[in-house]
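S.K.: Everything below, folded, please.
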Amino acid sequence: MIVKPAQMDFSDKNIIMIISGLPGVGKTTLALSAPDVLLIDADEGISRVKPEHRKDSSIVKKYEDVLADLKACEGQYKTIVIDTCGALIELMKDWAMRTEPTASKKTGGFSQQGYGIIKSEFLRLSAELKRKFNVIYLFHVAKNKDGDETFYDLICEGSTKDIVWQPADLGAYLHIVNGERYLGFTPTANYNAKAAYGIKGLVKVPELEDGDKNDFLTKLFDRVKANIKAETDALKPQQEAYEKIMEAGRRIINAVGSVDNVPEAIAAINNLDHALTSKTELKDLLKKRLAELNIIYNKDTKTYEQR
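M.R.: Residues are numbered from 1 along each chain as shown. As a prediction, this is how the structure comes out:
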């Protein structure tokens with residue numbers, strides 16, 4: 001379905017987010033602050049979360065467990081957390097070697113074809129999840145030294161650590177600065193990140209004291225949706241103007257019946273108080289109308305003629 005810019009509204013979209021960080025920095029507890037969470041625990045992360053902050057968890061040992069629990073939980077949760085993506089890929093590798101003969105080398109180990117199978121399955125799973133849930137992918141990171149610089153790269157085999165960024169709305173590196181935790185949403189020389197919907201730069205993550213409600217990401221997601229709605233609302237006056245102009249322009253174009261009407265129609269369209277993409281769209285509609293009437297533009301005489 002083709003949607004005009006004036007008709008676009010993404011305020012109800014599911015949010016896809018990446019959170020990366022060193023082990024022990026609090027990624028799992030933070031992810032559990034998202035709305036109505038189910039944790040897909042492939043890394044035994046829930047065991048390190050304080051009992052008061054734990055949420056429903058699918059504690060998996062095989063990839064088939066992941067698929068079965070996701071199918072069973074439809075309609076019960078708003079957010080799925082993958083903890084961690086690297087551990088999920090290891091489960092996928094085991095699954096592929098058990099179910100796809102080409103995933104294993106004859107000499108032992110995982111084959112190049114196997115990585116292709118993993119890539120396809122990860123893309124399929126990701127597409128299915130984002131249609132139904134908010135999705136948070138957790139990644140551990142590894143320190144990679146390059147001269148005096150240290151880059152914190154996602155730990156994950158194969159191409160997943162690259163392709164996971166494509167559908168992500170937000171990506172943040174969770175780290176400690178002067179004793180306080182921050183999510184870095186803007187890429188730097190030290191880590192990858194992704195900003196959108198007004199969420200950018202460093203965002204402080206408060207420490208949870210006993211009895212505190214763990215709802216940081218719920219509030220952040222609400223802020224994202226509010227920002228999207230504000231952008232949409234700010235566009236409404238232009239949308240209304242656009243619709244009126246398009247209606248007036250269509251009347252002008254539909255009135256064109258011969259070569260003699262063309263210059264007047266062009267002038268009338270140009271004189272409209274255009275909004276958004278109305279001028280471009282009306283010019284395209286006029287071209288189609290002229291084609292229907294077999295009217296062409298003569299570049300030499302700079303006039304319109306009947307074909």
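
S.K.: any idea how far residue 38 lies from residue 140?
M.R.: 21 Å (CB to CB, to the nearest Å). Every residue, glycine included, has its C-beta placed from N, CA and C.

S.K.: again with residue 95
M.R.: 21 Å.

S.K.: Repeat that for residue 200.
M.R.: Applying CB to CB to residue 200 and residue 140 gives a distance of 24 Å.

S.K.: between the two, who's got more neighbours?
M.R.: Neighbour totals were compared for residue 200 and residue 140, and residue 140 leads with 20 against 14 (other CB atoms under 10 Å).

S.K.: how about stretch 207-223: buried residues?
M.R.: 208, 214, 216, 217, 218, 220, 221 (16 or more other CB atoms under 10 Å).

S.K.: Kindly provide the whole-number mean pLDDT of stretch 231-251.
M.R.: Predicted confidence along stretch 231-251 averages 90 (mean pLDDT).

S.K.: Outside of it itself, which residues are in contact with it?
M.R.: The contact list for stretch 231-251, computed with CB atoms under 8 Å, 6 or more residues apart in numbering, reads 6-11, 269, 272-278, 281-282, 285.

S.K.: hey, C-alpha coordinates of that stretch in CSV?
M.R.: Extracted C-alpha coordinates of stretch 231-251, given in CSV (Å, rounded to 0.1, in the frame of the first residue of the first chain):
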residue,chain,number,x,y,z
GLU,A,231,5.9,15.3,15.3
THR,A,232,2.6,14.0,13.7
ASP,A,233,0.5,16.6,15.5
ALA,A,234,2.8,19.4,14.4
LEU,A,235,2.3,18.3,10.8
LYS,A,236,-1.5,18.3,11.0
PRO,A,237,-2.1,21.9,9.9
GLN,A,238,0.1,21.1,6.8
GLN,A,239,-1.7,17.9,6.3
GLU,A,240,-5.1,19.7,6.2
ALA,A,241,-3.7,22.3,3.8
TYR,A,242,-2.2,19.6,1.6
GLU,A,243,-5.5,17.8,1.3
LYS,A,244,-7.4,21.0,0.4
ILE,A,245,-4.7,21.9,-2.2
MET,A,246,-4.7,18.4,-3.7
GLU,A,247,-8.5,18.6,-4.1
ALA,A,248,-8.3,22.0,-5.8
GLY,A,249,-5.5,20.8,-8.0
ARG,A,250,-7.4,17.7,-9.1
ARG,A,251,-10.3,19.9,-10.1
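
S.K.: May I see the buried residues of it?
M.R.: So, applying 16+ other CB under 10 Å, buried residues of stretch 231-251: 235, 239, 241, 242, 243, 245, 246, 248, 249.

S.K.: all strands in the stretch 151-300 of the chain, in order from the N-terminus.
M.R.: 170-177, 180-184, 202-205, 295-298 (DSSP state E, counting those that start in this stretch).

S.K.: For these, which has the smallest mean pLDDT value?
M.R.: strand 295-298 (a mean of 92).

S.K.: Moving C-terminal from it, which element do we reach first?
M.R.: Elements were assigned by DSSP states H and E; along the chain past strand 295-298, the next helix or strand is strand 303-306.
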